[in-house]
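In: Sharing a model that was predicted from the sequence below.
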Amino acid sequence: MTEPNGKAGNNPDAEEQKTLDPADWAGFRAQAHCMLDDMLGYIETIRQRPVWQPIPDEARARFRTAAPQKGEELAEIHAEFMRDVLPYALGNVHPGFMGWVHGGGTPVGMVAEMLSGGLNANLAGRDQIPVEVERQVSEWVREIFGFPHGASGLFVTGTSMANLIAVVIARDAALGYQVRAGGVAAVPRRLTAYASTAVHSCVTKAMDIAGLGSDALRLIPVDSRYRIDLKALATAIEQDRAAGFTPFLVVGTAGTVDTGAIDDLAGMAEICRREKLWFHVDGAFGALARLAPDIAPKLDGMERADSVAFDFHKWGQAPYDAGFILVRDGEAHQQAFVLPVAYLARAERGLAAGPPWPSDFGPDLSRGFRALKVWFTLKVLGTERPGAAISRSCALARYLEGRIKSTPELELMAPVELNIVCFRYRAEDSVNAEIAIRLQESGVVAPSTTRIGGRTAIRAAIVNHRTGRAEIDALVDGTLAQGRTLAAH
Ligand SMILES: Cc1ncc(COP(=O)(O)O)c(C=O)c1O
């Protein structure tokens, strides 16, 4: 029964009690504040925790239950989260995390995520300020990367998706937009693309998904600094043309995943201009070094690319996920993805106004408000502070390089170009693999491993803005301690 003040009282049949909103808003609010405090506390005291710890069987088993029919109190589920989820996360918030290439996130990004959750915005398009926020960030990206007006940008999950989008745009620009209807099978020409042997596997996958075949990605050898060999690139293009293939795309990498090498982007841009090929740069983490004045010159030539893929969730420190694709020719970008249909018709006024929509530039229709966390991050921290953190990561990598070079038991395995350092304890591969695992299990520092020159390397990717000399020293000292113990057996 409705009370005189219009409230539903205790009547369980009241309309408002059938929604999924809390019946007790005041109680929910108190619990929500407690959850926010817990997460802020987690980040503030992260150094007191292990980077990572093995997951106990009982904790894992609690995630093997049937779907719940009846709900429980939010506070109980939050307690479960604090007990079973939070302690067993990957650890990339922690300054000791150096595995793979992961950003550390920021409290600013975290609270921005909460705001976008509340708005529950869908950025497919339509006339709403959230889309303007994405356009604003795209404009900032265009300026930062020195691209001309008319360039387009889009938030995506990550660089894997951004690279796929670039391959599709380049493919359609090469074959003509009728390929979108007819498919590549209807085209007699065989397209070929080029990248170094150090290219990330997601570019190979992109060739496969785009219907071009991963074999059509020619892997060009690298020089002693793991950069693409430009002479070999030019020769491969020439040989493919002579054999009847149609070269269409060259992918340069600004920060290779294994060693952080940066291809000679200006040299590649020149070859692409001469050969009339699409020049794409995979700058997953490295591209944002544009924000670090001392590192930015290493990326010269990137401003000449036709497209650049990168992530705000790596060196940009935005919470996952926040990939981005920037395309010089916004028209070509749109033509590769736009598909008018009646139920998504645009209008002059009203909600359906505001073309073009973000969904005209990529495969996704429903899209979250990724732009908000990046907008907040850049508005609160500016471009200078993330840029300074990038410089600091590179300085720490050089410090680590120095420590390795001055320690005879250790060997540097690749030149240090940016923030990635590959090294080994002078012992067999299995010892180095075991050292990395033991360091991860120690909870102090967490590097990963890769293969360099046919040997196992311990790889430290210094991406987290919280990492300092203490963690680098712990990595070296821990490696030596584990190495000596293992070598003694
Ligand atoms: C050079 C490079 N390209 C692409 C990727 C894939 O990016 P994402 O994981 O955001 O899809 C990575 C990931 O580390 C990378 O280092």
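Out: Yep, it's here. Source: prediction; values computed, not measured.

In: C-alpha only now, for contacts and for neighbours.
Out: Will do.

In: I'd like to know which elements the longest helix seen in the chain is packed against.
Out: Across the chain, the longest stretch assigned as helix under DSSP state H is helix 384-405. Here helix 384-405 touches strand 410-412, strand 420-425, helix 469-487, going by 3 or more Cα pairs under 8 Å, 6 or more residues apart in numbering; DSSP states H and E.

In: how big is the angle separating it from helix 469-487?
Out: With axes from the mean of the first three to the mean of the last three Cα atoms, to 10 degrees defining the directions, helix 384-405 sits at 30 degrees from helix 469-487.

In: how far out from the middle of the chain is helix 384-405?
Out: Chain-centre distance of helix 384-405: 20 Å, with Cα atoms, centre = their mean, to the nearest Å.

In: And the contacts of that helix?
Out: Outside of helix 384-405, the residues within contact range by Cα atoms under 8 Å, 6 or more residues apart in numbering are 288-295, 315-317, 410-412, 416, 418-421, 423, 462-465, 467-469, 472-473, 476.

In: Drop anything exposed from those.
Out: Buried members of the contacts of helix 384-405, scored by 16 or more other Cα atoms under 10 Å, are 288-292, 295, 315-317, 410-412, 416, 418-421, 423, 462-465, 467-468, 472, 476.

In: and the residue nearest in space to the middle of the chain, how far is that from Ile262?
Out: Centroid-nearest residue in the chain: Asp311, 3.9 Å away (criterion: Cα atoms, centre = their mean). According to Cα to Cα, to the nearest Å, Asp311 and Ile262 sit 16 Å apart.

In: Equivalent analysis for Ser359, please.
Out: Ser359 is 32 Å from Ile262, where distance means Cα to Cα.

In: try Tyr343
Out: Distance of Tyr343 to Ile262, given as Cα to Cα: 45 Å.

In: For these two, work out which one has more neighbours and name it.
Out: Ile262 (22 against 6; other Cα atoms under 10 Å).

In: got the phi/psi numbers for the more buried one?
Out: The phi/psi pair for Ile262 (degrees, to the nearest 10) reads phi -120, psi 120.

In: Next: Ile458.
Out: When read as degrees, to the nearest 10, the backbone of Ile458 gives phi -80, psi 130.

In: Please list all residues in contact with the spatially closest residue to it that is not a sequence neighbour.
Out: Spatial nearest neighbour of Ile458, chain neighbours left out: Thr449 (4.6 Å); criterion: Cα to Cα, 6 or more residues apart in numbering. Residues counted as contacts of Thr449 (Cα under 8 Å, 6+ apart) are Gly99, Ala433, Ala436, Thr456, Ala457, Ile458, Arg459.

In: so the fourth one sits in a helix?
Out: No - following the definition DSSP: H, G, I helix; E, B strand; the rest coil, Thr456 is strand and is not counted among the residues of a helix.

In: Report the beta-bridge partner residues of it.
Out: Residues in a beta bridge with Thr456, per DSSP bridges, are Arg451.

In: Identify whichever of the helices and strands packed on helix 384-405 lies nearest to the ligand.
Out: The ligand sits nearest to strand 420-425 of all the helices and strands packed on helix 384-405, at 10.5 Å, using Cα to the nearest ligand atom.

In: in the very next helix or strand once past the closest one, what's buried?
Out: Next along the chain after strand 420-425, taking DSSP states H and E as the criterion, comes helix 429-442. Within helix 429-442, the residues scored as buried using 16+ other Cα under 10 Å are Asp429, Val431, Asn432, Ala433, Glu434, Ile435, Ala436, Arg438, Leu439, Gln440, Glu441, Ser442.

In: and helix 429-442, what's its mean pLDDT?
Out: The pLDDT scores in helix 429-442 average 98.

In: report the angle between the axes of it and helix 469-487?
Out: Relative orientation of helix 429-442 and helix 469-487, computed by the same axes, to 10 degrees: 130 degrees.

In: Using PDB, write out every CA atom in helix 429-442.
Out: The C-alpha coordinates for helix 429-442 follow below in PDB (Å, rounded to 0.1, in the frame of the first residue of the first chain):
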ATOM      1  CA  ASP A 429      67.700 -22.100 -19.300                       C
ATOM      2  CA  SER A 430      65.800 -24.300 -16.800                       C
ATOM      3  CA  VAL A 431      67.600 -22.400 -13.900                       C
ATOM      4  CA  ASN A 432      66.500 -19.100 -15.300                       C
ATOM      5  CA  ALA A 433      62.900 -20.200 -15.800                       C
ATOM      6  CA  GLU A 434      62.900 -21.500 -12.200                       C
ATOM      7  CA  ILE A 435      64.400 -18.200 -10.900                       C
ATOM      8  CA  ALA A 436      61.500 -16.300 -12.500                       C
ATOM      9  CA  ILE A 437      58.900 -18.600 -10.900                       C
ATOM     10  CA  ARG A 438      60.600 -18.400  -7.500                       C
ATOM     11  CA  LEU A 439      60.700 -14.600  -7.600                       C
ATOM     12  CA  GLN A 440      57.000 -14.500  -8.500                       C
ATOM     13  CA  GLU A 441      56.200 -16.900  -5.600                       C
ATOM     14  CA  SER A 442      58.400 -14.900  -3.200                       C
END
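
In: for that helix, packing partners?
Out: If contacts are counted by 3+ Cα pairs under 8 Å, 6+ apart, helix 429-442 sits against strand 420-425, strand 448-452, strand 455-461, helix 469-487.

In: how much does the longest one deviate in direction from strand 455-461?
Out: On the basis of the same axes, to 10 degrees, helix 469-487 is oriented at 160 degrees to strand 455-461.

In: The shortest one now?
Out: With the same axes, to 10 degrees as the criterion, the two stretches strand 448-452 and strand 455-461 enclose an angle of 130 degrees.

In: Am I right that Arg225 is in contact with Ala261?
Out: Yes - contact criterion Cα atoms under 8 Å: Arg225 and Ala261 qualify, at 6.7 Å.

In: Of those two, which one has the most company?
Out: Counting neighbours by other Cα under 10 Å for Arg225 and for Ala261 shows that Ala261 has the greater number, 25 against 16.

In: and that one, what does it touch?
Out: Counting by Cα under 8 Å, 6+ apart, Ala261 has contacts Arg225, Tyr226, Arg227, Thr253, Ala254, Gly255, Val416, Glu417, Leu418.

In: Now these in CSV, please, with extra columns for distance to Glu275 and pLDDT.
Out: Shown next, in CSV, are the contacts of Ala261 (distance: Cα to Cα, whole Å; pLDDT from 0 to 100):
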residue, distance to Glu275, pLDDT
Arg225, 25, 97
Tyr226, 24, 98
Arg227, 20, 98
Thr253, 19, 98
Ala254, 21, 98
Gly255, 24, 98
Val416, 32, 98
Glu417, 29, 97
Leu418, 30, 98
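
In: wait, which of the residues you listed is closest to Arg60?
Out: Using Cα to Cα, Gly255 comes nearest to Arg60 of the contacts of Ala261, at 35.9 Å.

In: what's that closest one in contact with, if anything?
Out: When contacts are counted by Cα under 8 Å, 6+ apart, Gly255 touches Ala261, Ile262, Asp263, Gly283, Ala284, Phe285, Gly286, Ala287, Leu418.

In: between those, which is closest to the ligand?
Out: Ala284 (4.6 Å).

In: who in the chain is up against the ligand?
Out: Taking Cα under 6 Å from any ligand atom as the test, the list of the chain residues beside the ligand reads Val101, Gly158, Thr159, Ser160, His200, Gly255, Thr256, Val257, Asp282, Ala284, Asp311.

In: quick one: Tyr343 from Asp127, how far?
Out: For Tyr343, the distance to Asp127 (Cα to Cα) stands at 16 Å.

In: With Ala67 instead?
Out: From Ala67 over to Asp127 the distance is 38 Å, taken as Cα to Cα.
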